[in-house]
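> Predicted coordinates and the sequence they were generated for:
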Amino acid sequence: MMSKDERILFLDKTDLTILSTLAKNCRTSFSSIGFNVGLTSKSVKARVKKMMQYGVIERFVIRVNPAIFGFMTAIILIKTNNGITKDDVIKRFKRIGNLAYYVHHMGRTCVVALIIEKSLDDVFIQSLNQHIKPATVVSIFVLERNVGSINLSDTDLRIIKCLLLSGARTEIADIAGEVGISEKTTTRRLNNMKEAKILDFSIQCNPSVMTGYIQFAIPITTTTMLHRKTILERMYLEFQDNILYAPSIIDSEDRLTFVLFGENVFTVDSILAKVISFDGVKSADVYILTKWHYQDDWIIKEINHKISRPQSLLNRPIRIDNVTG
C-alpha cells in the first residue's frame, strides 16, 4: 500500500511544460515534446504515463465543433443555493439536453455548455430556471463560431468516431485500419478538419491532484473580433508557462477562454489584472476550478445517426460553409 506521500505526484517545470503542450494538442508526438524539453521520447512517455497513473491527466480529449451537426452551444453560469449541489445541477441539465462539457468552480458556481438547436428565447430560459430551482442562472450566452468550408464525408465521421472510441492519441495507422482508408488519406482528412475548426485535441486534467498548483479559468470578451488574434498572441507571449488549456474551437470570434495554473491566489490575481489591461479586452474574470469534464456520448450518437442512413446518402458529402455554432 502506498503511503500518503506516495499517492501525491509533485509536478516539476518539465511536467508542466509537457502538460501545456498536450493541452494545446494532445496528438503532439513524444519525440517532438522531448526535443523541446531536453528529454528522450521514452522519458516523456514515462512522465505522461506517471501523470495518468496519478490522475493528473484523466484522459486525452478530442473536441468536436457542434456546428458540424447544425448545433450551437449555450454557456450557462449557475449559482447553487441551499438544497441543491453542483452535481444535482448537472444531472438536471442532462435531462434537459446534451452537454459539451461542464465545470465546477470553487464556491457556489458552475458552468454548463448546453448543446442547442436554435437561439434561446424567454420561454426556454424561464423553463430552464424552473428545472434547476433552487439554483439560479447568473448569465447565459450563445457561442457563434464560423467553421471553414469542408466537404465532411462519411469517412470523416468515421475518423472522428474512431478517435472518440479509441482515444485522441490513436495512431494514424490504427485509425486508417479501422476506417479502411490509407494512412495518407487519414492524415490529410484530419489536417483538413483541424484547419476548418471542425475538431481539435486537448487533455482533461483533474484540478484536485495538481498538488501545489491552482487551476483557474479566465473567460475573455474582446471589444472587436479583430482583437481576438492579438489577445490570443499576447496571452501566449505573457503566460506560455501557465496555460493549461488553449481556447476551444467552440469559442466564438469575440470570446476566448483560457485555463491556466498558478502557485497561489496572488499569482492568479496578478495574471487577471494583466489580462484586463490588454488592449482590446472588454471584460475578463477568473474562476478557480475544482472539476472539468467533457461529454462525448452525444457526438457518437449524432455520428451513428448520420452514417446509418441509406447507402445512397452515405457518399453525399455534408457541406460545411460558414456555419455558426
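Happy to help now that I have it.
> My assumption is that residue 252 lies in a strand; please confirm.
No. According to DSSP: H, G, I helix; E, B strand; the rest coil, residue 252 belongs to no strand; its state is coil.
> Does it touch residue 143 like I think?
Yes. When contacts are counted by CB atoms under 8 Å, residue 252 is listed as touching residue 143 (4.4 Å). C-beta coordinates here come from the backbone N, C-alpha and C atoms, glycine included.
> Identify the contacts common to these two.
Common neighbours of residue 252 and residue 143 (criterion: CB atoms under 8 Å, 6 or more residues apart in numbering): none identified.
> For residue 274, give its distance to residue 242.
11 Å (CB to CB, to the nearest Å).
> Who has more neighbours out of those two?
Under the criterion of other CB atoms under 10 Å, the comparison of residue 274 against residue 242 puts residue 242 first, with 20 against 14.
> how close does the more buried one sit to residue 109?
As defined by CB to CB, residue 242 lies at a distance of 22 Å from residue 109.
> Repeat that for residue 30.
Residue 30 sits 37 Å away from residue 109, going by CB to CB.
> Low-confidence ranges, this structure, go.
Within the chain, the ranges that satisfy pLDDT under 70 run 1-6, 144-151, 308-325.
> mind listing the strands in it by residue range?
Assignment of strands within the chain using DSSP state E yields the ranges 57-64, 72-79, 99-105, 109-116, 136-143, 150-152, 199-205, 214-222, 243-245, 255-262, 281-284, 287-294, 318-320.
> for the ones you listed, which one sits closest to residue 304?
The closest approach between residue 304 and any of the strands of the chain, judged by CB to CB, belongs to strand 57-64 at 13.8 Å.
> So in that sheet, which strands flank the closest one, and in what orientation?
When pairing is defined by DSSP bridges, strand 57-64 lines up against strand 199-205 (antiparallel).
> end-to-end on stretch 142-152?
The separation between the terminal residues of stretch 142-152, taken as CA to CA, to the nearest Å, is 24 Å.
> Between the two ends of stretch 250-267, how far is it?
Stretch 250-267 has its terminal residues 27 Å apart, counting by CA to CA.
> correction: stretch 271-290
Start and end residues of stretch 271-290 are separated by 19 Å (CA to CA).
> who's in contact with that stretch?
Among residues not part of stretch 271-290, those counted as contacts by CB under 8 Å, 6+ apart are 103-107, 109, 111, 207-208, 214-224, 226-227, 230-231, 234-235, 238-239, 242, 259-260, 262, 268-269.
> The same query, at a cut-off of 6 Å, please.
Contacts of stretch 271-290 from elsewhere in the structure, counted by CB atoms under 6 Å, 6 or more residues apart in numbering, are 104-106, 207, 214-218, 220-223, 227, 231, 234.
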